[in-house]
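> Predicted model, plus sequence, below.
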Amino acid sequence: MPELMYREALNQALAEEMERDANVYLIGEEVGRYNGAFKVSQGLLDKFGSARIIDAPIAELGFTGLSVGAAMVGLRPVVEMMTWNFAILAMDQIVNNAAKLRHMSGGQLRCPIVFRGPGGAGGRLSSQHSQALEANYAHFPGLKVIAPATPADAKGMLKAAIRDENPVLMFEGERLYAIKGHVPEGEHVVPLGKADVKREGTDVTIITWSRMYYFCMQAAEELAKEGISVEVLDLRTLRPLDEEAILASVRKTNRAVIVEEGWGLAGVGASVVDIIQSKAFDDLDAPVERVTGLDVNMSYAANLENATQPDAPKIIAAVKKVLYREGA
Amino acid sequence: MAIPIQMPSLSPTMTEGKIVKWLKKQGDKVSSGDAVAEVETDKSNLEIEAYDDGYLLQVLVGEGEMAKVGAPIAYIGAKGEKVDAGKQAAPAATPPEQKPQPAPEAPAPRAAEKPASSGGGDNRIAIQMPSLSPTMTEGKIVKWLKKQGDKVSSGDAVAEVETDKSNLEIEAYDDGTLAEIVVGENQMAKVGSPIAYLTAKGAKAAPAAKPAAPAPAPEKPAAPKSAPAPAAKPAAAPAQAGGRRVRASPVAKKIAREKGLDLTQVSGSGPSGRVVKRDIEEALARGPAAAPAAKKAPAAQPAPGVRPEPTVVPLSSMRKVIAQRMTEVKPGVPHFYLTIEVDMEAASKVREEAKAMDLKVSVNDLIVKAVAMAVRRYPKINVSLQGDKVVQFHSVDVGIAVALEEGLITPILRDADQKGLQAIASGVRELAERARKRALKPEEYTGGSITVSNLGMYGIDQFVAVINPPQASILAVGAVSEKAVVRDGQLAVRKMMTATLSCDHRVIDGAIGAEFLRELRGLLEHPTRLLF
């Protein structure tokens, strides 16, 4: 199984799906001649031509609305947002049109469309370019929200998203693009709505997604040295949440820590806590802990940017707290 | 059917009103809208109108009497109509004229009323728990003096009752047969609730029917349980330990429930002692001996380091009333305190002279006599605030605080100012003795002008006493002891005593209290004055 970077895995998924289905096209700023702002679409213009790899002007609302219309009439657009921060401009098309077309047409219209792009902290890009906004979209019925952490999941889930008949939003951690991992070749589709136990453990479950997954794995390694067995559950899909997987893991370990890059208030993690406390209350040995981004706008300075986000030491502290260990 | 005219609410703050004048008299025709009475509220005088046509059948609240808002004050109805017997009880809020010394001579209310549910049509007569003191709300049946089936004549003592003050006998007011005992020995009953039923003489004994009012719950035994706990379900819901909530995580509770483990026997290692999963696992690993399912009998020797649980004993009737009254008195009655030192040389001599004559007179007897005479001379201290009236007593009745094991009682020595020292001495002794036997009659501990509380025998130099309402003052007397004092510019050793007067400032001012104390000191320092 070849080792690919996250961006290469996405590129592979796009290419495979465009080859498989002529209705699939990619649109976005700099996706064509520039080969993508983050090089996700590298080489695709040469391969599929400008009719299917479309460079859009800086007009998110416009090209998003155009693609929603295209999806309604049978195409399967993939809309690349240069970052999810810019997608806020297109929010009306995503939330008011894409999410609701099937409902408002009484099932007569479908909207098979993928909105994808990088999110979260970008590495000294300051507050307008460093937001983890997935919780905003996870709020809306009619949308599916995915946030794969590994290159393999990125490939498999993008393929699944393109094949889905409903609008799917894919959040790619901006700092994940260069991460390498083994990626299955050819037909590798990861079903949406399924979480994945990335590390088995018995003492505590850490529930996370996207880039935070790596901090969680790092924390789990550290804690293992102290004899603490950590299970890491990668949600991968934030809407719909995989309740079954969440409950199964918590019932096994009796303790949970949720790690989320975004802000805590009204975050996805809050909904995970709700599932746990309402359906696995009798299996809890400690209150559920959350580690989230600090409730501030992201700083530009590197040290402050890091301080704002969850990291392995913060996760370790939270794990020890739910285990009632010293130093918590 | 007779319709009540109720005391209306005529101002936002009005809770009761006084009938100043009836504008209609019994038998008068009344039309809707007619003014029937004039009422004095807390704000003004207003007329009450009738809302119905009819005849004024009965006036329940007389002129000058009070009635609570909403209480019926009269009935109107058809001409010649009779008002139901049950409706006739006039609900006067406060009696028009308060007797300063209630003498509840006939303690038991007439026990002739049939309970509503006595089986319908039988001839059973309820014997009710009487009110035997002004503060009594419930009583405990100490002993039944008659048993079921016994013949009872009016006047026969049927049971002995422990009140908050003393033990008294309950008499029957009817002839008959004791058909049913409702409240057993050592059980409590509220005042007015039936404690037994008589079958009237000549009537067929009715089957024992239960009264409508639920039988009062038996008082829980005060003695700590020494027997092992009865085979309790093994920690079915082990969330409580002797009323204390056990902190445990949900999963710890779940496992404990499944394994039949008593959570109270597991010490928690989580925050604030929360029992967590690992504590349960460790307890289970130690085996059943270490994690007993049933609670240990309290009699078992506590493990070293385990602090013994305190014993909980229910309040005695007397202590309950003391507790309730003291919490009412201290914030309710604004106290002020005056203290004097009294030279007791002369008084001590009187005592020694009496002793030489084989007469037993204590320092306390001298004080009681002096207090009584000082009260006689300063009648402004002989008052009581009752409701919105100041009651001025015209006899001097001195209360003497007597400490009992269960609490405190203050029997009253009547007309103490008119009694000689010997009579006071024997009277006080006799009252104290009967107080200790709990044999005082209600009239022997109610009313009174002032109380003397003496802790001198315990070596207390000075203290402050809490007023025993409805009295308005209490004198706290300390020990007589030799002290260095200045007499005529010279240091001298004298027998001194401290007396502190607590006064109800609502009715007694500082000057009145001071004058009283000055007189008291004069009487004690010159005891020959006690003779005149």
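Received, thanks. Numbers count the residues shown, from 1 in each chain, chains lettered A, B, ... in the order given.
> for chain A, what helix or strand is lowest in average pLDDT?
In chain A, the helix or strand scored least confidently by mean pLDDT, DSSP states H and E is helix A:302-308, which has a mean of 94.
> Outside of stretch A:233-248 itself, list whatever touches it.
Contact partners of stretch A:233-248, identified using CB atoms under 8 Å, 6 or more residues apart in numbering or on different chains, comprise A:134-135, A:137-138, A:143-150, A:153, A:157, A:190, A:192-198, A:205-209, A:213, A:249, A:268, A:271-272, A:275-276, A:279-280. Where you see a C-beta, it was placed from the backbone N, CA and C, and this is true even at glycine.
> rerun that using 7 Å as the cut-off
Residues from elsewhere that reach stretch A:233-248 (CB atoms under 7 Å, 6 or more residues apart in numbering or on different chains): A:134, A:138, A:143-149, A:153, A:157, A:192-198, A:205, A:207-209, A:213, A:249, A:268, A:271-272, A:275-276, A:279-280.
> Would you mind checking these for buried ones?
A:134, A:138, A:143-149, A:153, A:157, A:192-193, A:195-196, A:198, A:205, A:207-209, A:213, A:249, A:268, A:271-272, A:275-276, A:280 (16 or more other CB atoms under 10 Å in any protein chain shown).
> For the least confident helix or strand of chain A, C-alpha coordinates in PDB please.
Output of helix A:302-308 as PDB, limited to C-alpha atoms (Å, rounded to 0.1, in the frame of the first residue of the first chain):
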ATOM      1  CA  ALA A 302       3.100  31.200  16.600                       C
ATOM      2  CA  ASN A 303       3.400  30.700  20.400                       C
ATOM      3  CA  LEU A 304       0.000  32.200  21.000                       C
ATOM      4  CA  GLU A 305      -1.500  30.200  18.100                       C
ATOM      5  CA  ASN A 306      -0.300  27.100  19.700                       C
ATOM      6  CA  ALA A 307      -1.400  28.100  23.200                       C
ATOM      7  CA  THR A 308      -4.900  28.600  21.800                       C
END
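> Any idea which residue is closest to the centre of the chain?
Let's take chain A. Residue closest to the average C-alpha location in chain A (CA atoms, centre = their mean): residue A:147, at 1.3 Å.
> that's the other chain; I wanted chain B
residue B:135 (3.2 Å).
> That one and residue B:164 touch, don't they?
Yes. Using CB atoms under 7 Å as the test, residue B:135 is close enough to residue B:164 to be in contact (5.9 Å).
> In the one helix or strand residue B:346 maps to, which residues are buried?
Assigned by DSSP states H and E, residue B:346 belongs to helix B:345-356. If you call a residue buried by 16+ other CB under 10 Å, then helix B:345-356 has these buried ones: B:347, B:348, B:350, B:351, B:354.
> what's residue 31 in contact with, if anything?
Assuming you mean chain A. A:41, A:53, A:55, A:80.
> wrong chain, I was asking about chain B
Taking CB under 7 Å, 6+ apart as the test, what residue B:31 contacts is residue B:53.
> Can you list the residue ranges for strands in chain A?
Taking DSSP state E, the strands of chain A run over residues A:3-5, A:24-28, A:53-55, A:76-80, A:114-119, A:144-146, A:168-173, A:180-182, A:196-199, A:204-208, A:230-234, A:237-239, A:256-263, A:289-293.
> got a list of contacts for the second one?
Strand A:24-28 is contacted by residues A:14, A:17-18, A:41, A:44, A:52-54, A:56, A:63, A:67, A:75-82, A:162 when judged by CB under 7 Å, 6+ apart.
> Sheet-wise, list the partners of that strand with their directions.
With DSSP bridges as the test, strand A:24-28 is paired with strand A:53-55 (parallel), strand A:76-80 (parallel).
> starting at the chain centroid, how far to stretch B:456-467?
Averaged C-alpha coordinates place stretch B:456-467 at 24 Å from its chain's average position (CA atoms, centre = their mean, to the nearest Å).
> Endpoints of that stretch, how far apart?
Length of stretch B:456-467, first residue to last, CA to CA, to the nearest Å: 18 Å.
> Now do that stretch, average pLDDT.
Averaged across stretch B:456-467, pLDDT comes to 92.
> Excluding sequence neighbours, find me the nearest residue to the closest residue to chain B within the stretch 51-200 of chain A.
Residue nearest to chain B within the stretch 51-200 of chain A: residue A:200 (18.8 Å; CB to the nearest CB). Setting aside the residues directly before and after it, residue A:200 is nearest to residue A:231 in space (CB to CB, 6 or more residues apart in numbering or on different chains), at 5.8 Å.
> go on, residue A:295?
residue A:263 (5.6 Å).
> low-scoring stretches of chain B, by residue?
In the predicted model, chain B carries pLDDT under 70 at residues B:11-13, B:42-43, B:84-123, B:201-244, B:288-306.
> Give me the buried positions along stretch B:513-524.
The neighbour-count check on stretch B:513-524 (16+ other CB under 10 Å) flags B:513, B:515, B:516, B:517, B:519, B:520, B:521, B:523, B:524 as buried.
> Those in helices, which ones?
B:513, B:515, B:516, B:517, B:519, B:520, B:521, B:523, B:524 (DSSP state H).
> quick one: the residue lying farthest from the centre of chain B from residue B:385, how far?
Residue farthest from the centre of chain B, counting by CA atoms, centre = their mean, is residue B:285 at 55.9 Å. To residue B:385, residue B:285 is 70 Å away according to CB to CB, to the nearest Å.
> Could you do residue B:339 as well?
On the measure of CB to CB, residue B:339 and residue B:385 end up 23 Å apart.
> Who has more neighbours out of these two?
Ranked by neighbour count (other CB atoms under 10 Å in any protein chain shown), residue B:339 and residue B:385 place residue B:385 first, with 17 against 14.
> name the element that one belongs to?
Counting by DSSP H and E, residue B:385 is found in strand B:383-386.
> Please report phi then psi for residue B:325.
When read as degrees, to the nearest 10, the backbone of residue B:325 gives phi -70, psi -40.
> And residue B:284, by the same measure?
phi -70, psi -40.
> and it, how many neighbours does it have?
For residue B:284, the neighbour count with other CB under 10 Å is 16.
> ok, it to chain A distance?
For residue B:284, the distance to chain A (CB to the nearest CB, to the nearest Å) stands at 15 Å.
> where's that residue relative to residue B:252, distance?
For residue B:284, the distance to residue B:252 - CB to CB - is 11 Å.
> repeat for residue A:32
Using CB to CB, we find residue A:32 at a distance of 60 Å from residue B:252.
> neighbour count winner among the two?
Each of residue A:32 and residue B:252 has its neighbours counted (other CB under 10 Å); residue B:252 has more, 29 against 22.
> The more buried one and chain A, how far apart?
Relative to chain A, residue B:252 is positioned 6 Å away (CB to the nearest CB).
> quick one: that residue and residue B:277 touch, right?
Yes. The pair residue B:252 / residue B:277 is scored as a contact, 5.4 Å apart, by CB under 7 Å.
> list the residues that contact both of those two?
With CB under 7 Å, 6+ apart as the test, residue B:252 and residue B:277 both reach residue A:285.
> Report the beta-bridge partners for residue B:47.
residue B:38.
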